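Peer 1: With the sequence up front, the predicted model follows.
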Amino acid sequence: MSCCAPGSEDIAVIGQALPSDDEVAFAARDLGDGMHQIELSVPGVHCGACIQSVESTLRKLATVETARVNLSTRRVSVRWRGDALPPIVGTLAKLGYPPNLFDDTAGGKDPVLSQLLRALGVSAFAASNIMLLSVSVWSGADGATRDLFHWVSALIALPALVMAGGIYYRSAWSALRHGRMNMDVPIAIGITVAYMLSIYDTLHSGQHAYFDASVTLLFFLLIGRTLDHVMRGKARAAVAGLARLAPRGALVLAPDGSRDYRPINEIEPGMQLLVAAGERIPVDARILHGNSDLDCALVNGESAPQAVAAGAAIQAGTLNLTGPLTLEATAPAESSFLAEMVRLMEAAEGGRARYRRIADRVASLYAPVVHLAAVLTFIGWMFATGDWHHAATVAIAVLIITCPCALGLAVPIVQIMAARRLFENGIMVRDGAAMERLTEAGAVVFDKTGTLTLGQPLLVNAGEIAPERMAVAAALAAHSRHPLSQAIAAYQGFGVAPAFDRIEEKPGFGMEAHAGSDVWRLGRASWAGDGSEDGTVLALNGKTVTRFSFEDRLRADARDSVAQLQAAFGSVEMLSGDTEAACARVASELQLTSYRSGLLPAEKVARIDELHAQGRKVLMVGDGLNDAPALGAAYVSMAPATAADIGRNAADFVFLRESLSAVPLALDVSRRAARLIRQNLGIAVVYNFFAVPLAFLGYVTPLVAAIAMSGSSIIVIGNALRLSGGASVAADVKSSLTGRPVEAAQ
Amino acid sequence: MNMLVYLIPVALSLGGLALLAFLWALRAGQYDDLDGAAARVLFEDEDKDDNES
């Protein structure tokens, strides 16, 4: 794990707006006794030093009672006394940990995990104690002692069966009720029947009891299940709430002039809203007063900010960059552009809903075979000996020895190792099925803005600009949030800027500054300069002195990654909502042959369906709100962490770092995982090939079953661990990922 | 053989104690933030702890 050294930030924070104090106060919980609590997501927290600086700084605020950071979920929970909100957001932002509000209000507890851990504890206790008792039975205890040990085992096994087994019973039952088969069905039947027969044997002072087998089986399987859950929970927590797209509310201007912060779902068409610079537009609206620039990158994929003025219709989810706006809402929140995208996405839900996990496919084949084998064994022994008890014992031995201890671990353990491997490289996986689907993909489709490029402009002609001009421009630009200004402001310190008397931002146009009798202007050429041309210029007293040209910067390793994917798939496409010219430039830089520009969200979905119809399963990589339906329609999808949150929710993989090499890396790890899964399933088959005949013939005692089960599990786990070591391809990708500054390094 | 009468309960109750300790730790929220706990051990000052979230 990297630490807080500059440049090691896992999460590229691009143009993110801080939540306003009104929003935070709105999200806070009242604990009674004048205490309030808020939970904020702080993605920047990495290590012990971060925890300490965040906690100690927050505790120094006057009314704050406690502040506690959860490093696993990257959240801080702050409690304060009194109604007034302490300046938490500002303090955190100043400290370098910009906070976000997050959506799920469950409070960070994971009931399923607690249940799994509790079950794991109980079954570990039961398995270890029963195993100790069994060892003394195997080493020769007999008569009354053996019966006593069996009874004690039966007693200990009962709570494990109820608590730990309950998880499997419920899952098996819900599968059976829907007419499906999963791995939990033979497990549930196996442990129950084994327990019943062992009770019967104990009652009749029998020699063999399978209490140990049924409980150890549960214990091993629960380990796999818990690890799986922890891995997925980690991905969920880190992905949730990086950037909220929709504000929780808006400042409503009442006809009598009073201002009131109202929740988003109470906003109706016709209401007047105030949106400050730096806030997101809450609902579809029309501008009444004010000029500004809007960042629409997440909404329609256009990288250049749009200048807007009174009368313009604007969409929910866009970011207001430069000037305050007074709006008139034209649609309620539930019928805004954002909600429309969600509907389109649900309608587009593609082939993945029909996908069945390898484990389930194996189980549907495996479970009937196992049950058939056990039934045949029973019938066979009944014919041969006529002793129903002996026949039942042998049949249960068959059930236990084939019971998919190794098989139950074979798939999840590999997927956990693969997910861990990806996690170390800053890639979150939604679940194991996503990796299986990724290996089946036959075509890659990229979005442009924010995916192949960073959606951040970069000054490209800096070398041609005189240092003294650059100093003036940078000093002016430092006072604006506009992305082009920030690109220029990165060049501060190259020279000495004149002392300005006054600097002001003209929203929608640019910056204006007075130095003595001189007027400097930085901004739109038609406003600042003398010509009517396009572009961004620096002008002195109305005369253009310097022109600036910008390009959207490509993601790190974009060219290599695209080349690798082209080699792997043969076909890489770019679908963008941006202009033809911008797309052509990026395509030629990446040597992409096929691209389409100016696409609407529905047209992206149509193109993906077209590829699916050709029998090619599509991997979609995209980030914007306009990509969300396409992400949903694709067979498997990836999104950067900077994506719109509905896009992140639709994506199977989310990558946190700037480099695009995450895509080939995820593909590589998934393919190797698929290979290991096939090997593991092969091992399980070979194991059964030897074990089942022994069990058929009645040579499997509880001792043999215990050894065979643990042995095969250990082999399968050992094979899965190979994924974490000796990886050459992933290693060099990784080395290029670390230590790369996120900011534009010059 | 008589020793079994008290040795087995002793052994089981010791195991049971460990189980109870685990369940208590789980309930007290000690598994909520494993990464944070690893870092907090290095802090010098005494935290005002509230194991509740």
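Peer 2: Good, I have the coordinates.

Peer 1: going forward, measure contacts between C-alpha atoms and count neighbours the same way
Peer 2: Will do.

Peer 1: isn't A:Glu279 right next to A:Leu319, touching?
Peer 2: Yes. At 5.9 Å, A:Glu279 and A:Leu319 qualify as touching, with contact defined as CA atoms under 8 Å.

Peer 1: The two: which has the busier surroundings?
Peer 2: Between A:Glu279 and A:Leu319, counting by other CA atoms under 10 Å in any protein chain shown, A:Leu319 is the more crowded of the two (26 against 23).

Peer 1: Tell me the bridge partners for that one.
Peer 2: Note on A:Leu319: beta-bridge partners A:Arg280, A:Asp295, judged by DSSP bridges.

Peer 1: Quick check: end-to-end length of stretch A:592-610?
Peer 2: 19 Å (CA to CA, to the nearest Å).

Peer 1: Need the contact partners of that stretch.
Peer 2: With CA atoms under 8 Å, 6 or more residues apart in numbering or on different chains as the test, stretch A:592-610 has contacts from A:300, A:344, A:348, A:562, A:572-580, A:583-584, A:587, A:618, A:626-630, A:633-634.

Peer 1: mind listing which of those are in strands?
Peer 2: Counting by DSSP state E, these place A:Val572, A:Glu573, A:Met574, A:Leu575, A:Val618 in strands.

Peer 1: Closest one to A:Leu158 out of the residues you listed, please.
Peer 2: For these, the closest approach to A:Leu158 (CA to CA) belongs to A:Val618, at 48.8 Å.

Peer 1: Quick check, that closest one in contact with A:Val444.
Peer 2: Yes. A:Val618 lies in contact with A:Val444 (CA under 8 Å); the separation is 5.8 Å.

Peer 1: what's the average pLDDT for stretch A:64-78?
Peer 2: Stretch A:64-78 shows a mean pLDDT of 82.

Peer 1: swap that for stretch A:471-490, sorry
Peer 2: Stretch A:471-490 carries an average pLDDT of 80.

Peer 1: try stretch A:327-344
Peer 2: In this model, stretch A:327-344 has a mean pLDDT of 74.

Peer 1: show me where pLDDT drops low in chain B?
Peer 2: Within chain B, the segments meeting pLDDT under 70 span B:1, B:45-53.

Peer 1: Pull up the residues of it that are close to chain A.
Peer 2: B:1, B:12, B:15-16, B:19, B:22-23, B:26, B:32-36, B:39-40, B:42-43, B:48, B:53 (CA under 8 Å from any CA of the partner chain).

Peer 1: Just the buried ones out of these, please.
Peer 2: With burial judged by 16 or more other CA atoms under 10 Å in any protein chain shown, the buried subset of the residues of chain B next to chain A is B:Leu12, B:Gly15, B:Gly16, B:Leu19, B:Phe22, B:Leu23, B:Leu26, B:Asp32, B:Asp35, B:Gly36, B:Ala39, B:Arg40.

Peer 1: Columns secondary structure on top of these, output as CSV?
Peer 2: CSV is the format used below for those (DSSP: H, G, I helix; E, B strand; the rest coil):
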residue, secondary structure
B:Leu12, helix
B:Gly15, helix
B:Gly16, helix
B:Leu19, helix
B:Phe22, helix
B:Leu23, helix
B:Leu26, helix
B:Asp32, coil
B:Asp35, helix
B:Gly36, helix
B:Ala39, helix
B:Arg40, helix
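
Peer 1: And those, which is closest to A:Leu31?
Peer 2: Closest to A:Leu31 out of those is B:Asp32 (21.1 Å), distances taken as CA to CA.

Peer 1: quick one, phi psi at that closest one?
Peer 2: Backbone torsions for B:Asp32, taken as degrees, to the nearest 10, come to phi -70, psi -30.

Peer 1: likewise A:Arg553?
Peer 2: Dihedral angles of A:Arg553 (phi, psi; degrees, to the nearest 10) stand at phi -80, psi 140.

Peer 1: which residues sit in contact with it?
Peer 2: Residues near A:Arg553 by CA under 8 Å, 6+ apart: A:Thr453, A:Leu454, A:Gly455, A:Gln456, A:Pro457, A:Leu458.

Peer 1: same question, A:Trp527
Peer 2: A:Phe509.

Peer 1: Let me know the secondary structure of it.
Peer 2: Strictly by three-state DSSP, A:Trp527 counts as helix.

Peer 1: Identify the bridge partners of A:Ile314.
Peer 2: A:Ala285.

Peer 1: In this structure it contacts A:Leu288, no?
Peer 2: No. Using CA under 8 Å, A:Ile314 is not in contact with A:Leu288, being 11.3 Å away.

Peer 1: Which of those two has more residues huddled nearby?
Peer 2: Regarding A:Ile314 and A:Leu288, a neighbour count based on other CA under 10 Å identifies A:Ile314 as having more, with 20 against 17.

Peer 1: Mind giving me the packing neighbours of the host helix or strand of A:Ile707?
Peer 2: Assigned by DSSP states H and E, A:Ile707 belongs to helix A:702-721. Helix A:702-721 makes packing contacts with helix A:211-239, helix A:388-402, helix A:405-424, helix A:662-696 when contacts are defined by 3 or more CA pairs under 8 Å, 6 or more residues apart in numbering or on different chains; DSSP states H and E.

Peer 1: ok, 7 Å please
Peer 2: Contact analysis of helix A:702-721 by 3 or more CA pairs under 7 Å, 6 or more residues apart in numbering or on different chains; DSSP states H and E lists helix A:405-424 as its packing neighbours.

Peer 1: Fine by me, thanks again.
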